[in-house]
Structure formats: structure tokens, C-alpha cells
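J.: got a structure for you, letters missing:
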Ligand code: PRP
Ligand code: URA
């Protein structure tokens, strides 16, 4: 089974409380989401591969470390996943960014794909899928299917909030994918919204309704 890491750092919890509040503006919501993503990204990137690098400091030669292999690829699930891209790019500025366009059909709750653009040589890259909300888990599972169908072999996922039901469904669908979340919430409501959650992440990021 894929590992689920709940990043319970005090700063993340503090910022998450501010972000959840209904009165938080889109501007502050975006800023908080970026800050939380950076803090979560510290855990997410902990086991990325590194290699030795010989360098000259002003005092002489030493062996340091550098990121090994091809640049990782960050894949936001459109739209709301876009709100987590800058946070990760702040940590991994050389990362590539792919995009997967999905929306959850409000009637069937099934994910519908409308866009996919990924960098080349995806099989040789660490793929990090980002989407703030894991509700039924259908969208994230579909996004992982898409990157696997296009050759990805090493995938991890970063979500802000997850519902227990969705988490279980996702783990069953993709037992090889490690997942990082800042909080596992209580449940889904009758419209498959996360409770207590934060409402519609895409609408809150982009100020739509
Ligand atoms: C939201 C969210 C996830 C999905 C989660 O996107 O960003 O992608 O719902 O739901 P699920 O786990 O039940 O599939 P939405 O479809 O609202 O699209 P948006 O990002 O364009 O707002
Ligand atoms: N999508 C959201 O944006 N919020 C939820 O609570 C569930 C799905």
C-alpha cells in the first residue's frame, strides 16, 4: 500500500486554519496555499535522489551533493492544482511543469479529461501530481492513470485535504503512489464535498462561483 504522510507541522496547521475560514479573500487564500505547499514540499521532496558533486570552495576542494537524474515534473490537476505549483517551484526551480485538465461532473461525480500536456522522457522523471482536494479520489486516481499511461514509473501526490473515503479509494486504485496531505478531514457530504473542508478550492483560488 502507498504510504500516506500527514504533514502536521504547527505552521501548516496554523495556516490551514486561516485558509479554511470562509472570510479569507482569494488573494490571501492563494498566498496561504503557496506557503503551505512549500512547507509540505519539504517532506515530499525528502527522498528525492541525490549524487555527489566535487566543488571548489574558497578554502579548497570538497564533495557536496546535488539533485540526481532528470528534472522532476510537477503536474497540477486543473484548475485548483495550479494553486500549488508556485510553492513547489520555489523549492525546485528547475522542475518541469505538465498539466492535466480534469473536472468532476457535478451529476455523475466522474472525472472528465479535457487537457493533457506533459514533458518528454516522463518515464525517467519523478512525477509530483498536485491537487488541493482529494474528495472521492476519482480525479486524482484518473490523473495518476493518465501519467502512468504516458509512461510515468515513479509518481507521488500532494493534496491539501483528503476525505477518508477518497483516501481509501485512491490507495486501492494506486497502491504504488505515496500521498502527502496536510489533514484528513471528517467525511464527504451528500454532494461529495469535504467536511469541514474549505469549500470549492478552484473557486476560492480564482474568485469564481
Ligand atoms: C476539484 C478538486 C479535485 C476534485 C476532487 O476540482 O480540485 O480535482 O474536485 O474531487 P474528487 O476527489 O471527488 O474527484 P473540480 O472538479 O471542482 O474542478 P476545478 O479544479 O476546475 O474547480
Ligand atoms: N472539490 C472541491 O473543490 N472541494 C471539495 O470539498 C470537493 C471537491
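T.: Structure received. Bear in mind that the values here come from a model prediction, so they are computed numbers and not experimental data. Ligands and ions are numbered 1, 2, ... in the order given.

J.: Please identify the helix or strand for whatever residue of the chain ends up closest to ligand 1.
T.: With Cβ to the nearest ligand atom, the shortest gap between the chain and ligand 1 falls at residue 202, namely 2.4 Å. Where C-beta positions appear, they are placed from N, C-alpha and C, glycine not excepted. Assessed by DSSP states H and E, residue 202 sits inside helix 201-206.

J.: Run through who's touching that helix.
T.: Contacting residues not belonging to helix 201-206 are listed as 24, 26, 29-30, 33, 79-80, 82-83, 132-133, 160, 198, 208-209 [Cβ atoms under 8 Å, 6 or more residues apart in numbering].

J.: which of the residues you listed come close to ligand 1?
T.: Counting by Cβ under 6 Å from any ligand atom, 79, 80, 132, 133 from the contacts of helix 201-206 sit close to ligand 1.

J.: Break down this structure into its helices, ranges please.
T.: With DSSP state H, the ranges of helices along the chain come out as 10-20, 26-44, 85-91, 138-149, 164-173, 201-206.

J.: any bit of the fifth one sitting next to ligand 1?
T.: In this case it means helix 164-173. Yes. Between helix 164-173 and ligand 1, judged by Cβ under 6 Å from any ligand atom, the touching residues are residue 166.

J.: on that earlier part again, for ligand 2, find the nearest of the helices of the chain.
T.: helix 201-206 (3.8 Å).

J.: how about that closest one: buried residues?
T.: Across helix 201-206, burial judged by 16 or more other Cβ atoms under 10 Å covers 201, 202, 204, 205, 206.

J.: Just the pLDDT for the residue nearest to residue 115 when sequence neighbours are not counted.
T.: Leaving aside its sequence neighbours, residue 115 sits nearest to residue 101 (Cβ to Cβ, 6 or more residues apart in numbering; 3.0 Å). Residue 101 is assigned 96 on the pLDDT scale.

J.: do the same with residue 39
T.: So, for residue 39, pLDDT stands at 98.

J.: For it, give me its contacts.
T.: 7, 9, 11, 12, 15.

J.: Excluding sequence neighbours, find me the nearest residue to it.
T.: Per Cβ to Cβ, 6+ apart, closest to residue 39 is residue 12, 5.0 Å.

J.: what's the distance between that neighbour and residue 40?
T.: Using Cβ to Cβ, to the nearest Å, one gets 7 Å for the distance from residue 12 to residue 40.
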